[in-house]
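Undergrad: Dropping the sequence and predicted coords here.
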Amino acid sequence: MDLDLSPKLAKKVYGSDGGSYHAWCPSELPMLRQGNIGAAKLALEKNGLALPRYSDSAKVAYVLQGCGVAGIVLPESQEKVIAIKTGDAIALPFGVVTWWYNQGDTNLVVLLLGDTKTAHKAGEFTDFFLTGSNGIFTGFTTEFVSRAWDLKEDIVKSLVGSQSGSGIVKLDAGFKMPEPKEEHRKGMVLNCEEAPLDVDIKNGGRVVVLNTNNLPLVSQVGLGADLVKLDGSAMCSPGFSCDSALQVTYIVKGSGRAQVVGVDGKRVLETTVKAGNLFIVPRFFVVSKIADPDGMSWFSIITTPNPIFTHLAGRTSAWKALSPQVLQASFNVPQDAEAALRSKRMDSEIFFPSN
């Protein structure tokens, strides 16, 4: 199976002085289409507003940089206005209407990863805007909108036609947006930088897993996620998702090396990855990473809400569970070689610090 798994950078799709929207294209990253995965980034300048929209895909949003405000309207519910900051993960099920606003001095950058199996185009998100020059109501006749909103036609024309921007606009500095409410974060957001660690290996790395336990809304999204921080020159154990899930990985900071091995022991990827890169590991393929001296962190989604991984090195690896005789026969090696393998990595798992 010939696959192009090489990591790619996002490309700009549209923008204005309020910010820009970038996406990864299935023609350049074929695993997006094959795996029915969409990936995009929203970057807002100060006072930039991403106009209200809904999407054809369920997503997980992760705030890569900055702070701002997000408005989220779940189907048949009231708007939740949420303060967001770096490290926040937000589950966005089907049918939600969202808007995003940057009131800070630094850019607000949000990563969007999701499942496109019900989307119009495999491997791509399609957004439907409620306002703007490409908004839904620009397509209806004034008569229909007037009847729907119970407004006079001259008011309808003003409402539908006044916003000349599309997708992203920049508001005047003095414009007052809704104030976020702390109680609205509950059940909607998990900050991966502040959440309890699921794995913490000294000089190795740390993991926070996003699942139905700490953010129940991911059950409606059908995706799990994690934030992994690998210390300088440390290694992440070779492993695979044992529940047939795809791993979609975005490098948040730093750089390192990655190898992926697939069917018949064929190495299908050996590359350097750096901040901004996205790559996808196919189902059951084994992946391992080694960070450069300055370390590396990544945010991943897994196409199941409660992923399970099998590791092939370390204290909890499959090797340690197999009987000595099976290992010796399978490797076709003397007993002392099998014993040497079994004796190593007895006190380490998942992450291995630099020697």
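TA: Done, it's in. Predicted model, so just to flag it, every value in this text is computed and none were measured. Numbering: from 1, shown residues only.

Undergrad: going forward, measure contacts between C-alpha atoms and count neighbours the same way
TA: Will do.

Undergrad: what's the following helix or strand after the helix or strand containing Tyr21?
TA: Using DSSP states H and E, Tyr21 maps to strand 19-23. Per DSSP H and E, the first helix or strand lying C-terminal to strand 19-23 is helix 31-35.

Undergrad: Leaving out chain neighbours, which residue sits closest to Leu108?
TA: Closest residue to Leu108 apart from its sequence neighbours, by CA to CA, 6 or more residues apart in numbering: Gly66 at 4.5 Å.

Undergrad: Also Val169?
TA: Per CA to CA, 6+ apart, closest to Val169 is Gly18, 4.9 Å.

Undergrad: Tell me how far the one you found lies from Asn191.
TA: For Gly18, the distance to Asn191 equals 26 Å [CA to CA, to the nearest Å].

Undergrad: before we move on, back to that, which phi and psi does the residue nearest to Val169 have?
TA: Per-residue torsions, Gly18: phi -90, psi -10 (degrees, to the nearest 10).

Undergrad: what pLDDT does it get?
TA: Here the pLDDT value assigned to Gly18 is 97.

Undergrad: can you give me the helices in this structure?
TA: 31-35, 142-149, 153-161, 218-221, 318-321, 324-331, 335-343 (DSSP state H).

Undergrad: which one's the longest strand in the chain?
TA: In the chain, taking DSSP state E as the definition, the longest strand is strand 286-302.

Undergrad: who's in contact with Leu210?
TA: By CA atoms under 8 Å, 6 or more residues apart in numbering, Leu210 lies in contact with 190, 224-226.

Undergrad: One more: Leu217?
TA: Leu217 neighbours (CA under 8 Å, 6+ apart): 91-93, 187-188.

Undergrad: State the pair within those that is farthest apart.
TA: Pro93 and Gly187 (13.0 Å; CA to CA).

Undergrad: more neighbours, the two?
TA: Between Pro93 and Gly187, Pro93 has the larger neighbour count (other CA atoms under 10 Å), namely 23 against 13.

Undergrad: I figured that one was touching Leu223, is that so?
TA: No. Using CA atoms under 8 Å, Pro93 is not in contact with Leu223, being 10.0 Å away.

Undergrad: what do those two both touch?
TA: Shared contacts of Pro93 and Leu223 (CA under 8 Å, 6+ apart): Lys59.

Undergrad: these two touch, right, Asp105 and Gln65?
TA: No. Using CA under 8 Å, Asp105 is not in contact with Gln65; the gap is 11.5 Å.

Undergrad: Between these two, which has more neighbouring residues?
TA: Per other CA under 10 Å, whichever of Asp105 and Gln65 has more neighbours is Gln65, with 19 against 12.

Undergrad: Most neighbours among the contacts of Leu210, please name it.
TA: That'd be Ala225 among the contacts of Leu210, by other CA under 10 Å, with 27 neighbours.

Undergrad: what pLDDT does that one get?
TA: 92.

Undergrad: give the contact list for it.
TA: Ala225 touches 209-211, 299-302, 305, counting by CA under 8 Å, 6+ apart.

Undergrad: who's the residue nearest to it when sequence neighbours are not counted bridged to?
TA: Spatial nearest neighbour of Ala225, excluding adjacent residues (CA to CA, 6+ apart): Ile301 at 4.1 Å. For Ile301, the beta-bridge partners under DSSP bridges are Ala225, Val248.

Undergrad: follow-up on the earlier one: need the contacts of Leu210 in a markdown table with distance to Thr86, can you?
TA: Conversion of these to a markdown table gives the following (distance: CA to CA, whole Å):
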| residue | distance to Thr86 |
| --- | --- |
| Leu190 | 11 |
| Gly224 | 19 |
| Ala225 | 16 |
| Asp226 | 15 |
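
Undergrad: can you name the two of these that are farthest apart?
TA: By the measure CA to CA, Leu190 and Gly224 form the most distant pair in these, at 12.5 Å.

Undergrad: before we move on, the earlier item: rank the helices of the chain by pLDDT, which is bottom?
TA: When I compare these, helix 318-321 is least confident, with a mean of 79.

Undergrad: How far does that one sit from its chain's centre?
TA: Mean C-alpha position of helix 318-321 versus that of the full chain (CA atoms, centre = their mean, to the nearest Å) differs by 31 Å.

Undergrad: May I see the buried residues of that helix?
TA: Across helix 318-321, burial judged by 16 or more other CA atoms under 10 Å covers 319-320.
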